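*Asks:* test case, fold it:
(2 chains)
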Amino acid sequence: MGPRIALTLAVALALAGCDGASGNNGGGADMGIGNGADMGIAMCATVHAAAIDPTTGAVTDHVPARLTAYAEVAGVSGPRWTLQRTGDPTSVTPTPTDSSGLRVQYDVTAPGTWIFTVAFASGSCRGSDQITVGNPLGAQQLYRFRALPPETSGFPLTDTAVTVTGGTPLTRDLVLDAGTAVSGILRAGGSAIAGEVRLLAATGPDAVALAGSDGSFKLAVQAAVDYTPLLIPRATTIAPHRGMPMQGGSFVGASFDVPGGVAVGGSVVDGAAAAIAGAHVVLRDGTLPSGPGLSNASGAFTLYAEPGVYTLSFDADDWPQAALANVVVPGGGTTVAIAYTTARVAVGGSVVADDGVTPVANARVTITSRPLGPVATVRVGIGAAMAAAGRVARVVTTDANGALPAMQLPPGTYDLVIEPPRPHVDGLTAVTEVLAGADTWTLRLDKPVPLAVTVDGPDGNGVGNVRLTAIETVGLGAAPSGVTDGSGHYSFAIDKGAPLALLVEPPGDARLAGARVSLAANAGSATVTLGPGLLVSGVVRSPAGTAQPGVRVEALCWSCGSTTPVASAISDGSGTYRIYVPDPGDVVVDGGAGD
Amino acid sequence: MSRLWALVPLLMSSGCLFLDDLNHAPTVTIADGITTTNKGSTLTIVAQPSDPEDGALGMKVSFGVSAVDGAPLADCDYSTHQSGDGFDVTFFRAGTFRVTAVAEDSHHAKSSTASVMVTITDAKPAFVDKARVVPTSLGDACHLYAAGDVVTLALSGPTPGVPAVADADAGARATIGDCAPSETLSYTWRISDWPGGAKPVLTAFDGLGCTAPTASSGTTLVVPDALTQVCLWTDPTLAAATAMYSVVLDVSDGTSTVTSPVGDVPVSTDEPPCITGTNPVAGSYVVDRSQLQEFDVDGVVDDRDRFDDGITFAWSVWRQTDPTWRPVPSWNLSTYQLDVSSFGVGEQVRVRVEALDRTMTAVAPAVCAVDADDCTVASCASMPDACHKWKTWDLELR
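*Replies:* The predicted structure follows:
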């Protein structure tokens, strides 16, 4: 089959509605990027694009390909065609294939979404169509593009599966799910109650609503997705309830009644059987918590839980927090007797500045022990006492003289994070102390340390204008940020004791993928080499097709198993988003050589 | 005719005797008509010659133009066209002129001169009905501009693309030789009023953006035509809560200057940004201590800055075991993650986010109680909705 015959065939296929453009790439759904309608220019021509194999003339969906297009229009003259690949700033002029100039073609070897646009000398109207040709050797990765519309939009979060193919920029509109409206009354014992209604999605985002004192709530779910209802009353005397999974649509008109659970009574005492007041006791079975338990002056508490098997957690001032798995709460309720058994020693001290002398008032010290082993015994019902392992996790604050409060701590190894009040010349400082007996700690702050970051591109050259955010992952966190210079360099002042997650966001015109890099505390320097990025762009639309500005779009690499977005963007005033994801490259074929 | 008999003795005494009838000179008058008009407008002078002997045939009327205002009359000052007894004359300068007419019969007898005085006036430029100076930049929700904004202004009229000011005699010129137009219009934008102490300037708008001010920039700017927009650079300093800039367009034809209706540009202090959405919705939640907690702001409105460009955030955390609001240092992102795994069992934790714009102004303590979950402030940015300057999530760790 010669090229002319192939072209004729392709056009015929396009006319028949089974052309490569709409059949192979879902081009119909993707239309609208940069077309005339978006630019306020009247559309007067219907353009049909197709892709054929330049050798066989058969319709193809991958490169190399001969892209063809013709304009279905009348009463115009002087057609001017352009062909542009999504993400490329420049365009090419396809070759006319007939005297009218309404039919053109162009051979391409670069995969991606190609947009034919035609304008005319007589009349300010135009037409366009696009077609995507893939990379047959490209590796594929499945992403979920999560659109988080503003709360005011009334639309729920929407996940859209997007398959990214190596070397193939992609245009994909994200249509927000209208959701299925679910409203109801949260009740317990027939009465409306305040609380939290969580519908935990099997896939995708949860639906969450808060019910006021009248119990009423409303939320939106995706009808075909399974959700597990989790109802958490505000009242502490009513146990949270987890229901059976159902499809989202099944919640319309459903009742949201909380059975109430059973009582779990108990006590918290120290090694001398003295009551410990103010101890917190909770049960949790995966997503299902119990009601809270808080010991009174006699050390007694009562919490409410649904019958089940839980992990018990408890905590008290000046005592370690501890946990015990497989605590059974039967239908009639049970009792839990907690007795701390760990020994403690007196600890005091102070926080000083980096000069070792100047006391630092109002410094926040997070004290976390390494696992301490058994710290308490727990007797559930009439069962035998079981040892519960624990650790210390508490926060204290220095007084006006920089002194730590008097504490009782079990011997062990402690990781301390000291945060001076801001602003302060010193930074967050991490210290490890080994406590063998009574002790007085002098905790000295350190000044921030430099972190020199270099960002290179795939060619080894520095990349400028890259936004760097150093997310500190200890204490309350911190996220200093900066932008690389023309050589790809930037230097932070970083808290010395803080491990970092370094977020690297190249500018869009660099066409590189962003990165998130973990750095140890006090790393000093880091070089990040960015890989090529693939542009995924499109318009965020409402279910009715209206462009939606101000929607955050996050790209989650589903096939990487990562729940952290690899990149994010916010749709602009015309609803357009642009995200560069890492290019998966080509499939590596291992022929076994060298094995 | 009786006077002719008086000439008989004189003629006879000269030795000649005319036996034929005497030729009598024609007469001419100028018909009543308009004698006052603007430059560039054509006056038609109609002569009414009369000669009972010859009748209309053979009669010829000649017209003349002269200045009587003392100023010279140049060729470019007027143009004429005669058609029979009609005489079209167009003047291209203001003044007082005499137009004369003389009739001549076929015997070359001329009439006495008839004349008419005409007064030519200069037409002033005039703004069309509904012409007004309007800002073409968008204001905020209260239709105010923030002090320091650059506001584009245009002369608006009833028909888009058509100048809203005109001068009836602008551009009029004699068609002979290379006569220049008698006048051309000049257009000068002018800041006619501004807040005390402010130093606003005008610069050109090139169709895409505003030219940056230079040392020579001032409160006036000459532009080539009435359709050209202008940029008003308001002063970032503002003594009061609101103030007004006033801008006019002066149009001159060289003789007269007219001023457009005043266009007002109200400015106010920068409005606070308002949080329009969070995820999860700010409120009280029971959360799993073993899970990383993430909080997002998913929408902010502001009068000058955008959610994705210029808006930053201040995060702070309150803990039951450290019951004071601790700012999260340097965390200006719209998303915050908090690892609560080392927090106490059953501990109450509160996370707060406050939106900041370019002014980086936090809510004053007197405006919202430190423990308020939702701090609402006055801001045009969110009207008519309430402006949530900060939002708080209350967490119970179970």
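
*Asks:* going forward, measure contacts between C-alpha atoms and count neighbours the same way
*Replies:* Fine.

*Asks:* how about the residue most central in space within chain B, nearest residue that isn't a chain neighbour?
*Replies:* Nearest to the mean C-alpha position of chain B, counting by CA atoms, centre = their mean, stands B:Leu155 at 2.4 Å. Spatially, and ignoring its direct neighbours in sequence, B:Leu155 is nearest to B:Val133 (4.6 Å; CA to CA, 6 or more residues apart in numbering or on different chains).

*Asks:* how's chain B carved up into domains?
*Replies:* B:22-121, B:126-170+B:178-268, B:274-397 (automatic domain parsing).

*Asks:* and the end-to-end length of the last one?
*Replies:* Going back to what we said before, that points to domain B:274-397. End-to-end distance for domain B:274-397: 29 Å, by CA to CA, to the nearest Å.

*Asks:* who are the contact partners of A:Pro411?
*Replies:* By CA atoms under 8 Å, 6 or more residues apart in numbering or on different chains, the contact set of A:Pro411 is A:Ala343, A:Arg344, A:Val345, A:Val434, A:Leu435, A:Ala436, A:Gly437.

*Asks:* so for the residue sitting furthest away from the middle of chain A, what pLDDT did the model give?
*Replies:* Distance from the centre of chain A peaks at A:Ser99, with 53.8 Å (CA atoms, centre = their mean). Per-residue pLDDT puts A:Ser99 at 87.

*Asks:* quick one, phi/psi of it?
*Replies:* phi -70, psi -20 (degrees, to the nearest 10).

*Asks:* do you know how far it is from A:Arg66?
*Replies:* In terms of CA to CA, A:Ser99 sits 19 Å off from A:Arg66.

*Asks:* again, but for A:Ala389
*Replies:* 68 Å.

*Asks:* show me the contacts for residue 106.
*Replies:* Defaulting to chain A. Here A:Tyr106 is in contact with A:Arg66, A:Leu67, A:Thr68, A:Pro94, A:Thr95 (criterion: CA under 8 Å, 6+ apart).

*Asks:* let's do chain B instead
*Replies:* Neighbours of B:Ser106 in contact, by CA under 8 Å, 6+ apart: B:Asp54, B:Leu57, B:Gly58, B:Met59, B:Lys60.

*Asks:* return the distance of it relative to B:Ala282.
*Replies:* Taken as CA to CA, the span from B:Ser106 to B:Ala282 is 107 Å.

*Asks:* I'd like to know which of the contacts of A:Tyr106 are part of helices.
*Replies:* Using DSSP state H to define helices, no part of the contacts of A:Tyr106 is located there.

*Asks:* one step back: of A:Ala389 and A:Arg66, give the one with the bigger neighbour count.
*Replies:* Counted by other CA atoms under 10 Å in any protein chain shown, A:Ala389 and A:Arg66 do not tie: A:Arg66 has more neighbours, with 25 against 17.

*Asks:* that one touches A:Ile52, doesn't it?
*Replies:* Yes: in this structure, A:Arg66 is within contact of A:Ile52 by CA atoms under 8 Å, at 5.2 Å.

*Asks:* get me the contact residues on the stretch 101-250 of chain B for chain A.
*Replies:* By CA under 8 Å from any CA of the partner chain, no part of the stretch 101-250 of chain B sits against chain A.

*Asks:* which stretches in the stretch 101-250 of chain B count as strands?
*Replies:* If DSSP state E, counting those that start in this stretch is used as the criterion, the strands of the stretch 101-250 of chain B fall at B:114-121, B:125-127, B:132-135, B:145-146, B:150-156, B:165-167, B:186-193, B:201-204, B:220-223, B:230-233, B:242-252.

*Asks:* over to the stretch 51-200 of chain A?
*Replies:* So, for the stretch 51-200 of chain A - with DSSP E, counting those that start in this stretch - the strands run A:65-72, A:79-85, A:95-96, A:103-108, A:112-120, A:125-133, A:140-148, A:158-165, A:170-171, A:174-175, A:180-188, A:191-192, A:195-201.

*Asks:* who does A:Ala161 form a beta bridge with?
*Replies:* Assessed by DSSP bridges, A:Ala161 has beta-bridge partners A:Arg144.

*Asks:* any residues touching stretch A:471-483, and which ones?
*Replies:* Outside stretch A:471-483, the residues touching it (CA under 8 Å, 6+ apart) are A:366, A:417, A:419, A:464-470, A:490, A:492, A:494, A:498-503, B:317, B:328-333, B:338.

*Asks:* recalculate using a threshold of 6 Å.
*Replies:* A:465-470, A:498-501, B:328-331 (CA atoms under 6 Å, 6 or more residues apart in numbering or on different chains).
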